[in-house]
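Undergrad: here is a sequence together with a model predicted from it:
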Amino acid sequence: MKARGAISLLTLALSLPVEAVERQSLAARISTQPVEVQLDGKLDEAVWADAPVNGRFYQYQPEDGRNAPEHLRTTVRVLVDRDALVFGVRAWNGDPKTLNGTLARRDKVDRDQDFIGIWIDPSGHGRSAQFVRVNVAGVMSDGIYRADEDEDDLGPDYPVESAVHLLPDGYSMEVRWPLSSLRFPYGEGKPWRVMVERSVPHADGMLLLSAPLKKESLHFIAEMEELEGIAKVLPEVRDKPYWELRPEITHRIRDDYSKGSSQTSVGLDISARPRADWVFNATLNPDFSQVEIDAPTSSTSQVALSLPEKRPFFLESADVLGMRLPAFYSRTIAEPRWGMRATWRGADADATALSLSDRAGGVVMRGTPYGTQEHVSASDSKVTLLRARSHGEQVVAGAFLSDRDYGQGGRNTVLGVDGQWRLPANGDSHTQLAWTAMASRTSAQFGEDGVARSGAVRGSGYGYSRLNYSSDDWFNIAQLEVVGSNFANDNGFVPQAGIVKGDLELNRRMGARDLALFDAYETELHLGLRETRTLSNEVVERWVRPGIWLFAGRQTRFWAKAGFDQLRAHSGGKLHRVPAAHFGIESSPSARFVKLEGELTLGRQLDTEADAVGQGGNLQLEANLRFPLPGGWSLESDHRWNRAWVKHDKLQDYSDSGWRWVGTLHATPRDALRLIVQNTAAQRQDRLPYLLEPWGERYQHRSLLYKRTTRHDRIVSVGATTDTNGALPGASKGLTLKVQWGI
């Protein structure tokens, strides 16, 4: 028996291909007066009966180009008044017992759950969209999507309200999205664009869209539809001002290895929108406590650069920044005293300006050809960012200035331009070119004490270009990056400098395949090529990686690559051959085992410290479980393992391992208790002939958090943390109480 359910086979067999679908609009009921709707998910008010019914839905996954099956039909009604957009969704389902969705943390709504997603592009440019997803238990994920990078950012939290009503043959849902949280031009602009999605995990992970999106499209919002009639109400709301004050109080007690301290801090976030196209933000002494994140860090100020941004001050203009990671990255700003910013969005252009004072304690990254130097800054600094873009039908062009002033003559300034060009579609093929060019001037140099001091002025440059091509048969990416030896961007992230890097990724789409054990909806042959050289023409790394990729039922993605790689540990060292096999998998095995994600590398590994090659590997594995409990409670149990090792002459010289468990107990949609347990260990043995000094490190982290959200803007958090370092006696303990509310 093939690994498909009987219902999924029947569904796919009876669904007819969509021959040709012209982009249509989403009809709405428009009112310049407030519309009264009791948000209970039932759609039983008279106003819903007067709203136009939109019933067009198309399959996107597992196979696009097909109409939505009749037994999973979905309808959408939209109400628009001067305060909000209200969506009413009716979703039919053959067997309501198959609906999957339990209480979970915010932003944890994924394809393993039945949900409705709403995507809105108020600018109409098709470059970004705000989105919200609500599962059948009423849990919400929200954020912003940037089309140029084809990526979601789950950082923003919008004041969206929703309600779900379960029915014998499916469910209905109401979602109210305030216009105050949508950003749009003041004058006449492009029509608003909207898309509604529906996830049906029990139907082989089916994803239905109100727009006929194809797999070969460059991004997810390429076929969003116009929202009818919105222009009638915008003159009534574009001059309506909105503002919000969000105070917070944090009290923290710490015992750092027998050294006690107690601190109370008061912070304030201010947001003001005098009219539709302008937003002003200010922040005073914002706090970002360990209790607010799921990944343990060593302190509250040195937050890991890889964590997603959650501080509202930095999220307001994420769509306007629209820059690649090296240009500006808010995580380089550790603990601001104060900050101010202004953002403007016009019909054909947008801009943002930011200024703030940052305390010492952040991590500053400076690249070299063979690694990244990290400096824990012991200097306060002032940060300035200016950004402006113009939008055309096919071309977006921008410029920016980034500056970090450490005082006493120590400074880093970056000036740059960037852009994207989408070539007109040629049949089913799509092409996009993106570029960035920057010049830096740096007088700040870091000593061993972390203090930035004035030194010799160093200037350098940076260049990047990327070409994306997508069609029915191919998905290819070519990238070229050149980084000057002295290039630095202390407000961004540049892991290497003094290098030229070229990447080529060729993916031949082979379509659906009937494999031995299961059917694959998509298969691809892959070839990845990379070469990195220093500016003096020394090879740093060289990749040749042929492989395969496939997509099958239960949201399963699998890839395997043969790596014929070469790596050099340091300048003047040997260019080592490090052949290895690379494997990866993503899947949603069942309604309880909602996520399995893993990557494994086995073969020859370079021990950079010893400048020698041995047998080894790297394993990263994540498993997420969800359990419904009596009384409507639920438990999330998320596990993550990682291990890296290198053996010389069958003796293990180096190993690095870690395990993290995040367990969250949900009593109500507003109350959650979260526990984090993390253990990490790394060690090196003294082996001849390398004569390296042996060492070992062990860390443990424990944290417990209770969080209650009485409304979107009123949150109380109480958390306790314990950290132990194997090299030190005792432990570091902390207790944090944090209260936030909106005015």
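TA: Ah, there it is. Keep in mind that what you see is a predicted model, and the values were worked out from it rather than measured. Residues are numbered from 1 along each chain as shown.
Undergrad: for the most centrally placed residue in the chain, give its distance to residue 321.
TA: What sits nearest the mean C-alpha location of the chain, by Cα atoms, centre = their mean, is residue 153, with 3.8 Å. Residue 153 sits 11 Å away from residue 321, going by Cβ to Cβ, to the nearest Å. All C-beta atoms are positioned from the backbone trio N, CA, C, and that covers glycine.
Undergrad: same check, this time on residue 437
TA: Going from residue 437 to residue 321 by Cβ to Cβ gives 17 Å.
Undergrad: if you count what's nearby, which of those two comes out ahead?
TA: residue 321 (23 against 15; other Cβ atoms under 10 Å).
Undergrad: these two touch, right, that one and residue 388?
TA: No: taking contacts as Cβ atoms under 8 Å, residue 321 lies outside contact range of residue 388: 10.9 Å.
Undergrad: these two touch, right, residue 91 and residue 170?
TA: Yes: between residue 91 and residue 170 there is a contact under Cβ under 8 Å: 4.9 Å.
Undergrad: quick check: residue 314 is in a strand.
TA: No: according to DSSP: H, G, I helix; E, B strand; the rest coil, residue 314 belongs to no strand; its state is helix.
Undergrad: mind giving me the packing neighbours of whichever strand or helix holds residue 585?
TA: Using DSSP states H and E, residue 585 sits within strand 580-587. Helices and strands touching strand 580-587, by 3 or more Cβ pairs under 8 Å, 6 or more residues apart in numbering; DSSP states H and E, are strand 556-563, strand 593-607.
Undergrad: present these as a markdown table; the columns should include mean pLDDT.
TA: Output for these, formatted as a markdown table (pLDDT from 0 to 100):
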| stretch | mean pLDDT |
| --- | --- |
| strand 556-563 | 96 |
| strand 593-607 | 95 |
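Undergrad: tell me which of the ones you listed lies nearest to residue 148.
TA: strand 556-563 (23.0 Å; Cβ to Cβ).
Undergrad: got the angle for that closest one vs strand 580-587?
TA: Angle, strand 556-563 to strand 580-587, by axes from the mean of the first three to the mean of the last three Cα atoms, to 10 degrees: 170 degrees.
Undergrad: mind listing what's buried in strand 556-563?
TA: The neighbour-count check on strand 556-563 (16 or more other Cβ atoms under 10 Å) flags 556, 559, 560, 561, 563 as buried.
Undergrad: who does the fourth one form a beta bridge with?
TA: According to DSSP bridges, the partner residues bridging residue 561 are residue 547, residue 582.
Undergrad: tell me who's in contact with it.
TA: Going by Cβ atoms under 8 Å, 6 or more residues apart in numbering, residue 561 touches 526, 528, 545, 546, 547, 581, 582, 583.
Undergrad: got a quick PyMOL command for the buried subset of these?
TA: To isolate the buried ones among the contacts of residue 561 in PyMOL, judged by 16+ other Cβ under 10 Å, type:
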select buried, resi 526+528+545+547+582
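Undergrad: now, which of the contacts of residue 561 sits nearest residue 444?
TA: Using Cβ to Cβ, these come closest to residue 444 at residue 528, 37.0 Å.
Undergrad: so where is the stretch 451-600 of the chain shaky, pLDDT-wise?
TA: Within the stretch 451-600 of the chain, no range satisfies pLDDT under 70.
Undergrad: ok, the stretch 601-743 of the chain next?
TA: 650-652, 687-691, 711-713.
Undergrad: which stretches of it form strands?
TA: 612-628, 634-648, 651-668, 671-684, 695-711, 714-725, 732-740 (DSSP state E, counting those that start in this stretch).
Undergrad: isn't residue 245 up against residue 740?
TA: No: using Cβ under 8 Å, residue 245 makes no contact with residue 740, being 11.2 Å away.
Undergrad: more neighbours: these two, which one.
TA: Between residue 245 and residue 740, counted using other Cβ under 10 Å, the more crowded position is residue 740 (18 against 14).
Undergrad: any idea how far residue 674 is from that one?
TA: Applying Cβ to Cβ to residue 740 and residue 674 gives a distance of 17 Å.
Undergrad: about what we covered before: isn't the residue nearest to the centre of the chain up against residue 131?
TA: No: Residue 153 lies out of contact with residue 131 (Cβ under 8 Å); the separation is 10.0 Å.
Undergrad: which residues do those two both contact?
TA: 143, 144, 145.
Undergrad: the first one: how many residues sit nearby?
TA: It refers to residue 143. Residues near residue 143, counting by other Cβ under 10 Å, number 21.
Undergrad: likewise the second one?
TA: Around residue 144 sit 19 other residues, with neighbours defined as other Cβ under 10 Å.
Undergrad: bridge partners for it, pull those for me.
TA: In this entry, residue 144 is beta-bridged to residue 130, residue 153, by DSSP bridges.
Undergrad: residues in contact with it?
TA: 128, 129, 130, 131, 152, 153, 155, 156, 315, 318, 319.
Undergrad: from residue 329, how far out is residue 360?
TA: From residue 360 over to residue 329 (counting by Cβ to Cβ), the distance is 18 Å.
Undergrad: kindly report the same for residue 253.
TA: From residue 253 to residue 329 the distance is 32 Å (Cβ to Cβ).
Undergrad: which one's more surrounded, those two?
TA: Using other Cβ under 10 Å as the criterion, residue 253 and residue 329 rank with residue 329 on top: 20 against 15.
Undergrad: correct me, but that one touches residue 490?
TA: No: the criterion here is Cβ under 8 Å, and residue 329 misses it with residue 490 at 10.2 Å.
Undergrad: show me what contacts the residue nearest to residue 127 when sequence neighbours are not counted?
TA: Spatial nearest neighbour of residue 127, excluding adjacent residues (Cβ to Cβ, 6 or more residues apart in numbering): residue 147 at 5.2 Å. Residues in contact with residue 147 (Cβ under 8 Å, 6+ apart) are 126, 127, 128, 129, 218, 219, 220, 221, 222.
Undergrad: show me where the stretch 451-600 of the chain has strands.
TA: With DSSP E, counting those that start in this stretch as the criterion, the stretch 451-600 of the chain has strands spanning 452-470, 474-483, 499-514, 519-534, 539-552, 556-563, 566-568, 575-577, 580-587, 593-607.
Undergrad: and among the ones you listed, the most buried is which?
TA: strand 566-568 (a mean of 21; mean count of other Cβ atoms under 10 Å).
Undergrad: mind listing what it pairs with, with the direction of each?
TA: strand 539-552 (antiparallel), strand 575-577 (antiparallel).
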